[in-house]
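J.: Predicted model and sequence follow; I will ask about them next.
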Amino acid sequence: MVLAGDLSGAQIAASIATSIANPVYADKLGIRPALQPSPLKAGLLNCGGYDINGVNYIFVRCITFC
């Protein structure tokens, strides 16, 4: 299985892939993935906002989060 997404879809795909591969992350999100990590082979992530800690502009933070 390959998870892919563009812009906000990339952020969602990254969160899903991480929650499948990392039970600690899934616990922090309060979810229990239905899939085991073994079917997950790759992630294709395009233009997602993954680390917005360095961004100080409210508008940019909003659009990269959404």
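T.: Right, received. Where do you want to start? Numbers count the residues shown, from 1 in each chain.

J.: Show me what counts as buried in stretch 18-28.
T.: 18-20, 26 (16 or more other C-beta atoms under 10 Å). No exception for glycine: its C-beta is placed from N, CA and C like everyone else's.

J.: and what of stretch 11-20?
T.: 11, 13-20.

J.: and of these, the nearest to residue 5?
T.: residue 13 (3.6 Å; C-beta to C-beta).

J.: in which helix or strand would I find the closest one?
T.: Take DSSP states H and E as the rule and residue 13 turns out to sit in helix 8-21.

J.: Check residue 43 too.
T.: Assigned by DSSP H and E, residue 43 belongs to strand 42-46.

J.: just checking, what packs against that strand?
T.: Contacts defined by 3 or more C-beta pairs under 8 Å, 6 or more residues apart in numbering; DSSP states H and E place strand 42-46 against strand 2-6, helix 8-21.

J.: what stretches of this protein score poorly on pLDDT?
T.: Across the chain, the ranges flagged by pLDDT under 70 are 51-57, 59-61, 63-66.

J.: ok, 50 please
T.: Counting by pLDDT under 50, not a single residue of the chain qualifies.

J.: strands paired with the strand holding residue 43, and their directions?
T.: strand 2-6 (parallel) (DSSP bridges).

J.: Which residues are in contact with residue 50?
T.: For residue 50, the contact set (C-beta atoms under 8 Å, 6 or more residues apart in numbering) comprises 11, 14.

J.: on that earlier part again, touching the strand holding residue 43 from outside, list them.
T.: Counting by C-beta under 8 Å, 6+ apart, residues outside strand 42-46 touching it are 2-7, 10, 13-14, 17.
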